[in-house]
Each structure stands twice: as structure tokens, then as C-alpha cells.
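Novice: here is my input, please return the structure:
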Amino acid sequence: MTTDRGEHLAQHFPTPEDIPAEHRLAEQVHQRHSLIRGDLIEWNGPCKTVLSPVCTRDPATGDVKQVEIGSYPV
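Specialist: From the prediction side, this is the model:
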């Protein structure tokens, strides 16, 4: 894909500000507890990043990327 085609394709993705406020995630959700035998146990180990299927375009650079919405314990 040429740069012009890539830039043209990127224009089809919204910027974060283009997403209506009622559909934006107010903040990322980072799960730091696991439910074990009915008890919530704090997790301080490694976590997996959760990405939204929604991609947004950075208005300054034009880069398109998936939105990070949080993480959960591994």
C-alpha cells in the first residue's frame, strides 16, 4: 500500500474526540483482584492488556491504533 493510500484509509477512522461522549470509556479498567473460593485476592503479578476492537486515529500523526481499555491478571 502506498503512503497516499494509507493516509486515505486512515482518514476513515475517527479521532478519540469524534466518538460521542456517551460511548467513550471514562477511564481504563485495570482489574487487580482475582476471585478465589469466594474471596477477592489482590494480584500483584503480571497482567494482560485488553484492547478494544475499535481503532482510532491520532489527529497529530495520523497513526491508527486499537484503543487500550484496561488489563486483567494473568
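Novice: could you point out which element follows the helix or strand of the chain with the lowest mean pLDDT?
Specialist: Within the chain, judged by mean pLDDT, DSSP states H and E, the helix or strand with the poorest mean is helix 3-10; its value is a mean of 79. As assigned by DSSP states H and E, the chain's next helix or strand after helix 3-10 is strand 29-30.
Novice: hmm, residue 53 is touching residue 66, no?
Specialist: Yes - with contact defined as C-beta atoms under 8 Å, residue 53 counts as touching residue 66 (7.3 Å). To be clear about C-beta, it is placed using only N, CA and C from the backbone, and glycine gets the same treatment.
Novice: looking at the two, which is more packed in?
Specialist: Set residue 53 next to residue 66 and count neighbours by other C-beta atoms under 10 Å: residue 66 wins out with 13 against 7.
Novice: pLDDT score for the more buried one?
Specialist: The score at residue 66 is 95. That number is its pLDDT.
Novice: ok but it is inside a strand, no?
Specialist: Yes - with DSSP: H, G, I helix; E, B strand; the rest coil as the criterion, residue 66 is located in a strand.
Novice: from residue 47, how far out is the residue lying farthest from the centre of the chain?
Specialist: Each residue of the chain has a distance to the centre, and by C-alpha atoms, centre = their mean the biggest one is for residue 37: 30.6 Å. Residue 37 sits 21 Å away from residue 47, going by C-beta to C-beta, to the nearest Å.
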